[in-house]
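Engineer: below are the sequence and a predicted model; questions follow.
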Amino acid sequence: MRFLRQSLVGVFLASLTLALLFVAAQMISGAVQDVLTREDSAPQARERVFAVTVRPAEFETVTPNLEAFGEVQSRRRLELRAALGGRVVGLSEDFEDGGAVTAEEILVELDPADAQSALDRAKSDLLDAQFEERDAERSLLLAQDELNAAEAQAELRGRALQRQQDLQTRGVGAAAAVEEAELAEAAAQQAVLARRIALAQAESRVDQATTLLARARIALEAAERDLDDMTIRARFSGTLTDVTLVEGRLVSANEKLAELVDPTALEVAFRVSTAQYVRLLDADGDLIDAPVTVSLEVTGTDLTAQGRISRDSGSAGEGQTGRLIYARLDDASGFKPGDFVTVTVEEQPLDNVVRLPSSVLDAVGTVLVLAEGDRLEALPVELIRRQGDEVLLRGEGLEGREIVIARTPLLGSGVRVRPLRIDENAGAAPDMVELSEEQRARLVAQVESSTRMPEAVKERVLGQLSEAKVPASLVQRLENRAGG
């Protein structure tokens, strides 16, 4: 019985093997026949469609901003220097670095002993000069009187000589008397000449006395100034910096003691290129008083101040390029001289320009616009200005056209795209778009069927696709992966 059972099992297995071999031979024969009878044709190609974000171009008037870096300065600065040397005998309590002082406040007092002695000597010299002037005037009056007396006596001598000559003519006078009268008249004329010389000397003495008096007064004024210079006062209210003085120190003439800065009269100096400088000129070539905004970034808060351009430098500067411009600040609370700040200048308005993100422009100056059949077309434009991440453009046929916002190397002229339009009136963010139900269902199915996407990423993407607004970059990425 066991032999019979084993024989039947062997026959069954042999029959099953033959059946399987027959089926395999039929399958191979059918496959060979299909290969031999199949037509050798290429697969049908399908055009790839990319999803792009577009925005309509609208002409508007834009006021561009020019950004530069500058340094805050004070328009009123005063170096406190000692006009004369001396020892410091007094200092103000506010005479320290950062000390606030008021106008006409006494800051430094030097030892006035030598200056006071010089002033006293100048006063004494002035009294001597005044006495000399009065004495010279009296001498002048006496010399004038003596001249008048001598001239009167000479006149009498002349009349006496005339009488003697008349008597001699009539024959009653003696020749000796006439000769004596002539000698007397000559002596009188000599006396008049001497008195004139004395008068000239008196007048010269008066002139010398006047000059001496003027010199004495000048010396007195200089001595008074020297005495006043021993006390250093604040010319205006401000803050002291660079203080290098202590009480009791011996200072020399013209030595710098400190610097007085007015913190309320601040300005900013910033350098721009020549091309930027030209944009700040009016039709007459004068610098416009454009408004400026100065900002200083600090931890936790930003300091800002407003102002206007006041002037530019007279020269470019040795080893420098561009132009140095100064702008006065109106209310610069918190700013200090020496702060390095960012300066934003409002330029003159530009009419009929289109403001778009800088990603729309390529290296050759063209943008991609949406043409018929949702195909892209390259349109040449003129770059007017760059403003941060935006560009201001002009171009023929640009107004009203839909422009591709984000360009990629895959996009070009003639490529078919799926436009994603931004609803700006609805308040959507520039990178958020709305999807139709068909697009949303297709993208959700694509994500769910993906085998290369991790589960965590898949859940996050599905959550974003369930929102009313979907990031345009996410949609574009999924569309590119799907090829349409």
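Structural biologist: Arrived safely.

Engineer: when you work out contacts or count neighbours from here on, use the C-alpha atoms and nothing else.
Structural biologist: Noted.

Engineer: so who does residue 59 touch?
Structural biologist: Residue 59 is in contact with 352-355, 399, counting by Cα atoms under 8 Å, 6 or more residues apart in numbering.

Engineer: for PyMOL, write the selection for the buried entries among those residues.
Structural biologist: Buried residues among the contacts of residue 59 (16 or more other Cα atoms under 10 Å), as a PyMOL selection:
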select buried, resi 353+354+355
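
Engineer: switch the contacts of residue 59 over to a markdown table; also include distance to residue 14, secondary structure and pLDDT.
Structural biologist: A markdown table is the format used below for these (distance: Cα to Cα, whole Å; DSSP: H, G, I helix; E, B strand; the rest coil; pLDDT from 0 to 100):
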| residue | distance to residue 14 | secondary structure | pLDDT |
| --- | --- | --- | --- |
| 352 | 92 | strand | 88 |
| 353 | 90 | strand | 90 |
| 354 | 86 | strand | 90 |
| 355 | 85 | strand | 89 |
| 399 | 85 | coil | 83 |
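
Engineer: which of the contacts of residue 59 sit farthest apart?
Structural biologist: 355 and 399 (11.4 Å; Cα to Cα).

Engineer: and for those two, which residues touch both?
Structural biologist: 57-59.

Engineer: show me what contacts residue 382?
Structural biologist: Counted by Cα under 8 Å, 6+ apart, residue 382 has contacts 365, 393-395.

Engineer: of the shared contacts of residue 355 and residue 399, closest to residue 327?
Structural biologist: Using Cα to Cα, residue 59 comes nearest to residue 327 of these, at 31.9 Å.

Engineer: can you map out the helices along the stretch 301-450 of the chain?
Structural biologist: Assigned by DSSP state H, counting those that start in this stretch, the stretch 301-450 of the chain shows helices spanning 437-449.

Engineer: nearest spatial neighbour of residue 66, skipping sequence neighbours?
Structural biologist: Take residue 66 and drop its neighbours on the chain: the residue closest to it by Cα to Cα, 6 or more residues apart in numbering is residue 345, 5.0 Å away.

Engineer: what pairs with the one you found across the strands?
Structural biologist: residue 66, residue 292 (DSSP bridges).

Engineer: that one is in contact with residue 290, isn't it?
Structural biologist: Yes - here residue 345 reaches residue 290: they are 6.7 Å apart, a contact under Cα atoms under 8 Å.

Engineer: the two: which has the busier surroundings?
Structural biologist: Taking other Cα atoms under 10 Å, residue 345 and residue 290 do not tie; residue 345 has more neighbours (20 against 16).

Engineer: in contact with the more buried one, which residues?
Structural biologist: Neighbours of residue 345 in contact, by Cα under 8 Å, 6+ apart: 65-67, 290-293.

Engineer: redo that, cut-off 6 Å
Structural biologist: Residue 345 is in contact with 65-66, 292, counting by Cα atoms under 6 Å, 6 or more residues apart in numbering.

Engineer: among the contacts of residue 382, which lie within strands?
Structural biologist: 393-394 (DSSP state E).

Engineer: do a quick rundown of the strands in the stretch 51-200 of the chain.
Structural biologist: Along the stretch 51-200 of the chain, counting by DSSP state E, counting those that start in this stretch, strands occupy 60-62, 65-74, 77-81, 86-91, 100-101, 106-110.

Engineer: would you list the ones you listed in TSV and tack on distance to residue 190?
Structural biologist: TSV is the format used below for the strands of the stretch 51-200 of the chain (distance: least, Cα to Cα, whole Å):
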stretch	distance to residue 190
strand 60-62	101
strand 65-74	78
strand 77-81	65
strand 86-91	62
strand 100-101	76
strand 106-110	64
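
Engineer: could you redo the ones you listed as a markdown table and give each row mean pLDDT and distance to residue 452?
Structural biologist: Formatted as a markdown table, those follow (pLDDT from 0 to 100; distance: least, Cα to Cα, whole Å):
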| stretch | mean pLDDT | distance to residue 452 |
| --- | --- | --- |
| strand 60-62 | 89 | 47 |
| strand 65-74 | 91 | 47 |
| strand 77-81 | 87 | 70 |
| strand 86-91 | 87 | 81 |
| strand 100-101 | 88 | 71 |
| strand 106-110 | 88 | 80 |
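
Engineer: can you convert those into CSV and add a column each for distance to residue 21 and mean neighbour count?
Structural biologist: Below are those laid out as CSV (distance: least, Cα to Cα, whole Å; neighbours: other Cα atoms under 10 Å):
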stretch, distance to residue 21, mean neighbour count
strand 60-62, 82, 13
strand 65-74, 85, 19
strand 77-81, 109, 17
strand 86-91, 120, 18
strand 100-101, 110, 20
strand 106-110, 120, 21
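
Engineer: residue 305 is nearest to which of those strands?
Structural biologist: When the strands of the stretch 51-200 of the chain are compared by Cα to Cα, strand 65-74 sits nearest residue 305, at 11.1 Å.

Engineer: got the contact list for the closest one?
Structural biologist: With contacts defined as Cα under 6 Å, 6+ apart, strand 65-74 is touched by 265-270, 337-347.

Engineer: C-alpha coordinates for it, PDB please?
Structural biologist: Taking Å, rounded to 0.1, in the frame of the first residue of the first chain, the C-alpha atoms of strand 65-74 are listed here in PDB:
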ATOM      1  CA  ASN A  65      14.700 107.000  -1.700                       C
ATOM      2  CA  LEU A  66      18.500 107.300  -1.700                       C
ATOM      3  CA  GLU A  67      20.300 105.500   1.100                       C
ATOM      4  CA  ALA A  68      23.800 106.300   2.400                       C
ATOM      5  CA  PHE A  69      25.800 106.200   5.600                       C
ATOM      6  CA  GLY A  70      26.900 109.300   7.400                       C
ATOM      7  CA  GLU A  71      28.300 110.700  10.700                       C
ATOM      8  CA  VAL A  72      26.500 113.000  13.100                       C
ATOM      9  CA  GLN A  73      28.300 116.300  13.800                       C
ATOM     10  CA  SER A  74      27.600 119.400  15.700                       C
END
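
Engineer: point out where the stretch 151-300 of the chain drops to low pLDDT.
Structural biologist: Residue ranges of the stretch 151-300 of the chain with pLDDT under 70: 171-173, 298-300.

Engineer: now the helices for it?
Structural biologist: Secondary structure of the stretch 151-300 of the chain (DSSP H, counting those that start in this stretch): helices at 175-229, 274-278.

Engineer: as TSV, these with mean neighbour count would be great.
Structural biologist: Formatted as TSV, the helices of the stretch 151-300 of the chain follow (neighbours: other Cα atoms under 10 Å):
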stretch	mean neighbour count
helix 175-229	18
helix 274-278	14
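
Engineer: so which of those helices is nearest residue 51?
Structural biologist: helix 274-278 (38.9 Å).

Engineer: could you dump the closest one to CSV, C-alpha only?
Structural biologist: Provided in CSV are the C-alpha atoms of helix 274-278 (Å, rounded to 0.1, in the frame of the first residue of the first chain):
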residue,chain,number,x,y,z
THR,A,274,28.5,111.7,-8.4
ALA,A,275,25.5,110.0,-10.2
GLN,A,276,23.4,110.2,-7.0
TYR,A,277,24.5,113.8,-6.4
VAL,A,278,23.2,114.8,-9.9
